[in-house]
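Peer 1: Take this sequence and fold it.
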Amino acid sequence: MPERAPLSPARRQFLLRTARAAGMAPLALGVLEGGALALPRGTGTDLEVLQASLSLEHHAIALYDEGLRRKLVPAGLRSYAVEFRGDHEGHRDTQLELMRERGGRPPEPLRSYDFGPLRKADDLLQQALLIEQAAQDAYLGLISQIRTNDYLLSAGFILVDEVRHLTVWQRVLGYRLY
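Peer 2: Alright, predicted model coming up:
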């Protein structure tokens, strides 16, 4: 069995590249890059974190949509892809509502995303693994910056989903989980 997906500089660069391409806010990027250890407390910070996480949710939804549309998801794994896309849509909707309640302007999904070559099921599964890892890393990096209890609780539940998604794709791809 292959080793657990390594925590590597390449994966960190993927996260940052994905975050930038998704239009993540500069302050949140600073946290993910390690340049900002703590953001100022308040609604503005929460809006920055919400924008960052919404950008990643849009990216994940687009990836699952593309894989399902092109029938790249193996039949036995289709239910996972549909479930995970639904989870990401729920995360997006919850965060959109939180952002609107705070008077923020949510980022729109991009018109297109660069998923790299998606020619076969393994390509899609590798991309799904990467986006779930990026989401988990982003939530872990940004959750400590959240200042309001309702969003902190929501982000905690979302993080649990991201870990679950990542675990499923690691098992499917034959990675050791621990």
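
Peer 1: what about the helices in this structure?
Peer 2: Along the chain, the stretches classed as helices by DSSP state H are 9-21, 26-33, 43-69, 78-101, 121-142, 149-172.

Peer 1: Relative to residue 107, which of those helices is closest?
Peer 2: Across the helices of the chain, the minimum distance to residue 107, taken as Cβ to Cβ, is reached by helix 43-69, at 5.4 Å. Glycine gets a C-beta too; all of them are placed from N, C-alpha and C.

Peer 1: how many neighbours does residue 96 have?
Peer 2: Counted by other Cβ atoms under 10 Å, the residues lying close to residue 96 total 16.

Peer 1: show me what contacts it?
Peer 2: Residues counted as contacts of residue 96 (Cβ atoms under 8 Å, 6 or more residues apart in numbering) are 54, 106.

Peer 1: what's the closest non-adjacent residue to the residue minimising distance to the centre of the chain?
Peer 2: What sits nearest the mean C-alpha location of the chain, by Cα atoms, centre = their mean, is residue 135, with 2.7 Å. Spatially, and ignoring its direct neighbours in sequence, residue 135 is nearest to residue 162 (4.6 Å; Cβ to Cβ, 6 or more residues apart in numbering).

Peer 1: so that neighbour touches residue 132, yeah?
Peer 2: Yes. When contacts are counted by Cβ atoms under 8 Å, residue 162 is listed as touching residue 132 (6.0 Å).

Peer 1: quick revisit: how close does the residue nearest to the centre of the chain get to residue 71?
Peer 2: Applying Cβ to Cβ, to the nearest Å, one obtains 24 Å for the distance of residue 135 from residue 71.

Peer 1: any weak-confidence spans in the chain?
Peer 2: Within the chain, the stretches falling below the threshold (pLDDT under 70) are 1-44.

Peer 1: tell me the contacts of the residue nearest to residue 98 when sequence neighbours are not counted?
Peer 2: Closest residue to residue 98 in three dimensions, ignoring its sequence neighbours and counting by Cβ to Cβ, 6+ apart: residue 151, at 5.5 Å. Contacts of residue 151 were listed using Cβ under 8 Å, 6+ apart, and they are 46, 49, 50, 98.

Peer 1: Can you redo these as JSON lines, where the extra columns are distance to residue 80 and neighbour count?
Peer 2: Conversion of the contacts of residue 151 to JSON lines gives the following (distance: Cβ to Cβ, whole Å; neighbours: other Cβ atoms under 10 Å):
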{"residue": "46", "distance to residue 80": "31", "neighbour count": "23"}
{"residue": "49", "distance to residue 80": "27", "neighbour count": "30"}
{"residue": "50", "distance to residue 80": "27", "neighbour count": "28"}
{"residue": "98", "distance to residue 80": "27", "neighbour count": "21"}
